[in-house]
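Asks: here is a sequence together with a model predicted from it:
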Amino acid sequence: MAETILALHGLRKSFGGLLVTDDVTLDVRQGEIHALIGPNGAGKTTLIHQVSGTLAPDAGRIRFLGEDITALSMPARARRGLARSFQITSVIPSFSALENAALAVQARQGSSFRFFRAASREAALNAEAIAALAEVGLDARAATPAAALSHGERRQLEIAIALAMRPRALLLDEPLAGTGPEEAERLIRLLSGLRARYAVLLVEHDMQAVFALADRISVLAQGRVIATGTPDDIRADPAVREAYLGEDEAA
Ligand SMILES: Nc1ncnc2c1ncn2[C@@H]1O[C@H](COP(=O)(O)OP(=O)(O)OP(=O)(O)O)[C@@H](O)[C@H]1O
């Protein structure tokens with residue numbers, strides 16, 4: 001079996017009296033896209049926040065590459081290689097795609113470039129930024145300001161920014177949101193190509209995309225994982241059909 005990269009164990013989080021993640025246990029392995037689905041309000045976003053480090057769980061542990069990272073801050077997790085694809089708000093609209101990616105490279109490098117002369121420092125940064133853009137098929141648009149990119153291209157840029165962190169695992173929160181059918185198709189191809197190099201935890205509402213992309217799917221309902229399995233397992237699971245997909249949709 002492939003190496004477990006990210007393991008969530010017994011994660012629990014309440015807001016007031018509302019138990020939003022209830023004893024969530026799941027793992028994400030090297031080379032897999034593990035999708036997290038569930039009806040609105042099931043707790044998906046709250047779970048992703050706990051994994052990325054923006055929200056502390058009330059109970060439970062998170063292990064990443066064998067290390068317990070439950071108490072680590074988001075930047076500390078990112079430095080260890082757990083990258084979240086940032087929502088559009090983190091893209092600077094007036095900066096080019098290249099500059100946006102270069103900022104992410106710089107954030108990862110910290111001061112490690114300081115021994116270089118300014119010119120070689122910039123060349124090294126740009127080379128890495130271009131490589132991240134190329135990985136998402138956006139290198140031809142490197143000089144374009146983010147504001148002039150199409151919606152789908154901006155979603156590609158967000159993924160490039162995450163890749164510029166040189167992650168081992170990617171947390172993708174609705175990467176297809178707001179995209180049209182053609183853009184969605186391009187992003188699905190792109191995400192599919194990432195699976196070989198990264199462990200991916202994917203939250204996505206587009207069920208066609210989820211069933212096309214995911215190696216395994218976990219279904220969250222009212223904060224609990226009610227099923228984990230292959231897309232075929234999930235399609236056939238009666239509890240899932242009842243809780244989420246509905247008899248018609250899953251047929
Ligand atoms: N900061 C908060 N304070 C109080 N309640 C919250 C908070 N964040 C989320 N909730 C509640 O927790 C529940 C789960 O929300 P969450 O956004 O995690 O679900 P979700 O599965 O991501 O939903 P969606 O598919 O609609 O994005 C909802 O009932 C929501 O109202």
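Replies: On my side now, so go ahead.

Asks: could I get the buried residue list for stretch 178-194?
Replies: Within stretch 178-194, the residues that qualify as buried are 179, 183-184, 186-188, 190-191, 194, counting by 16 or more other Cβ atoms under 10 Å. The C-beta positions use only the backbone N, C-alpha and C, and glycine is treated the same way.

Asks: tell me where the stretch 151-251 of the chain has helices.
Replies: When secondary structure is read from DSSP state H, counting those that start in this stretch, the stretch 151-251 of the chain shows helices at 151-163, 181-194, 207-213, 231-236, 238-240, 247-250.

Asks: show me what from this structure comes close to the ligand.
Replies: 15, 18, 20, 38, 40-46 (Cβ under 6 Å from any ligand atom).

Asks: ok, 8 Å please
Replies: By the rule Cβ under 8 Å from any ligand atom, the part of the chain lying against the ligand is 15-16, 18, 20-21, 38-49, 174, 203, 205, 220, 223.

Asks: what about the longest helix in the chain?
Replies: Ranked by residue count, the top helix of the chain under DSSP state H comes out as helix 118-135.

Asks: R84 pairs with what?
Replies: Here R84 shows beta-bridge partners L171, assigned using DSSP bridges.

Asks: ignore what I typed, I meant G229.
Replies: Counting by DSSP bridges, G229 forms beta bridges with I217.

Asks: and it, what does it touch?
Replies: 216-217, 237 (Cβ atoms under 8 Å, 6 or more residues apart in numbering).

Asks: quick one: which of these is nearest to the ligand?
Replies: The closest of those to the ligand turns out to be I217 (Cβ to the nearest ligand atom; 14.3 Å).

Asks: measure the closest one to E204 for me?
Replies: Using Cβ to Cβ, to the nearest Å, I217 is found at 10 Å from E204.

Asks: return every residue with contacts to both of the two.
Replies: Between them, I217 and E204 share the neighbouring residues 35, 37, 210, with contact defined by Cβ under 8 Å, 6+ apart.

Asks: list just the nearest of those to the ligand.
Replies: For these, the closest approach to the ligand (Cβ to the nearest ligand atom) belongs to I37, at 8.9 Å.

Asks: number of residues surrounding the closest one?
Replies: A count of nearby residues for I37, using other Cβ atoms under 10 Å, gives 24.

Asks: same thing with A102?
Replies: Every residue meeting other Cβ under 10 Å relative to A102 is counted, giving 25.

Asks: quick one: residues contacting the closest residue to it other than its chain neighbours.
Replies: Of all residues beyond its chain neighbours, the one nearest A102 is A129 (4.0 Å), with distances taken as Cβ to Cβ, 6 or more residues apart in numbering. Counting by Cβ under 8 Å, 6+ apart, A129 touches 98-99, 101-102, 104-105, 142, 164.

Asks: pLDDT at A129, what is it?
Replies: As predicted, A129 sits at a pLDDT of 95.

Asks: how close does it sit to the ligand?
Replies: 31 Å (Cβ to the nearest ligand atom, to the nearest Å).

Asks: how much space between that residue and D27?
Replies: When distances are taken as Cβ to Cβ, A129 and D27 turn out to be 32 Å apart.

Asks: who's more crowded, I217 and E204?
Replies: Under the neighbour definition other Cβ under 10 Å, I217 and E204 were set side by side, and I217 has more, 26 against 23.

Asks: that one contacts I37, doesn't it?
Replies: Yes: between I217 and I37 a contact is recorded at 6.0 Å, counting by Cβ atoms under 8 Å.

Asks: between those two, what contacts are shared?
Replies: Common neighbours of I217 and I37, counting by Cβ under 8 Å, 6+ apart, are V210.

Asks: and L55, that one's in a strand?
Replies: No: assignment of L55 by DSSP: H, G, I helix; E, B strand; the rest coil gives coil, placing it outside any strand.
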